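Peer 1: Sequence isn't available, so here's the structure alone:
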């Protein structure tokens, strides 16, 4: 894998492309990011240096657009625009600032890496122009097409319907270009390739999912968006299914344990409460009634602390119940039983 460096240099002689394969049968997707020649060779099975080559679970590409918004790119773009007319020292400072921001945005995000490389390459080409004001306009227009999907698309776009397709809001032909490649290799397959805006790739991605009869779902265990054969699926992987079963069992055991000691406590509380009410009904002295109420408050206070110990695993339910039974003698003695 070849690392792309965000630094002042000569722009690439070939266009940078992102190739995307959507494999709905195996629930996987493949990405290749590099210059057109290197990407095309890699798709044919040749070992070529690319900026990125990945095979990952279906849905990962779409989820990347929910990780950063268009706002996160603005500062980097303005730094590059400010670098265009600046002298060497200021230009280098602005370039370094933009490079750091772009590097942060691309961590673990292939779509963001593609957009960042395209932005930097356009900046390098703009540096060669004499009219810096025009160059700034060209750079801003170009970057707007690249970063717009990061603000417009998100992982919450769950209501996908054929009659409500995702369409560009800009009537710009550069925002609708997508190529289909069919590499010659051992197993022919279809690949969507973009060299400009990412929006056509997202529309293509969506259509392949719909054609396969799949729906977008959010995993109830990890929160990741994934694609499932029907709306009943709510767990994205075997790992999450196992984790969900484990969590359900733990919750059931905890609830059962809680119900047992809480029910026992309620019974004991009523044991005390009924005796105090009996004292009041029989017109016992205020001193005796007050002693009983004070003892009940103390019993409840200690019971709360012991229930916390049960929740922390420091005390068993049986020990708690035995303790409450021993406390019955206190109220019985006050009542003269």
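Peer 2: It's in. The structure displayed is predicted, hence computed values, not measured ones.
Peer 1: hey, let's count contacts and neighbours off CA atoms from now on
Peer 2: Will do.
Peer 1: Distance of the most centrally placed residue in the chain relative to residue 48?
Peer 2: In the chain, the residue lying closest to the centroid (C-alpha atoms, centre = their mean) is residue 224, at 5.7 Å. Taking C-alpha to C-alpha, to the nearest Å as the measure, residue 224 falls 32 Å from residue 48.
Peer 1: Could you list the domains of the protein?
Peer 2: Domain assignment for the chain by automatic domain parsing gives 16-228, 240-335.
Peer 1: Could you list the buried residues of the helix or strand where residue 307 lies?
Peer 2: Assigned by DSSP states H and E, residue 307 belongs to helix 286-312. When burial is assessed from 16 or more other C-alpha atoms under 10 Å, helix 286-312 yields the following buried residues: 289, 292-293, 295-296, 299, 303, 306-307, 310.
Peer 1: Nearest to residue 59 among those?
Peer 2: Residue 59 lies nearest to residue 310 out of the buried residues of helix 286-312, by C-alpha to C-alpha, at 42.7 Å.
Peer 1: any idea how far residue 180 is from the residue nearest to the closest one when sequence neighbours are not counted?
Peer 2: Nearest residue to residue 310 in three dimensions, chain neighbours excluded: residue 316, at 5.8 Å (C-alpha to C-alpha, 6 or more residues apart in numbering). Here the criterion is C-alpha to C-alpha. By it, residue 316 lies 65 Å from residue 180.
Peer 1: Looking at the two, which one has more neighbours?
Peer 2: Between residue 316 and residue 180, counted using other C-alpha atoms under 10 Å, the more crowded position is residue 316 (16 against 12).
Peer 1: so what's the residue nearest to the centre of the chain up against?
Peer 2: If you count contacts by C-alpha atoms under 8 Å, 6 or more residues apart in numbering, residue 224 has them with 63, 218, 236.
Peer 1: Same check on residue 94?
Peer 2: 79-80, 82-83.
Peer 1: Verify the stated contact: residue 42 with residue 48.
Peer 2: Yes. Using C-alpha atoms under 8 Å, residue 42 makes contact with residue 48 at a distance of 5.7 Å.
Peer 1: Compare these two and say which is more crowded by neighbours.
Peer 2: Neighbours were counted for residue 42 and for residue 48 using other C-alpha under 10 Å; residue 42 has more, 19 against 16.
Peer 1: Please, which helix or strand holds that one?
Peer 2: helix 36-43.
Peer 1: quick one: buried residues of that helix?
Peer 2: Buried positions in helix 36-43, judged by neighbour count with 16+ other C-alpha under 10 Å: 36, 38-40, 42-43.
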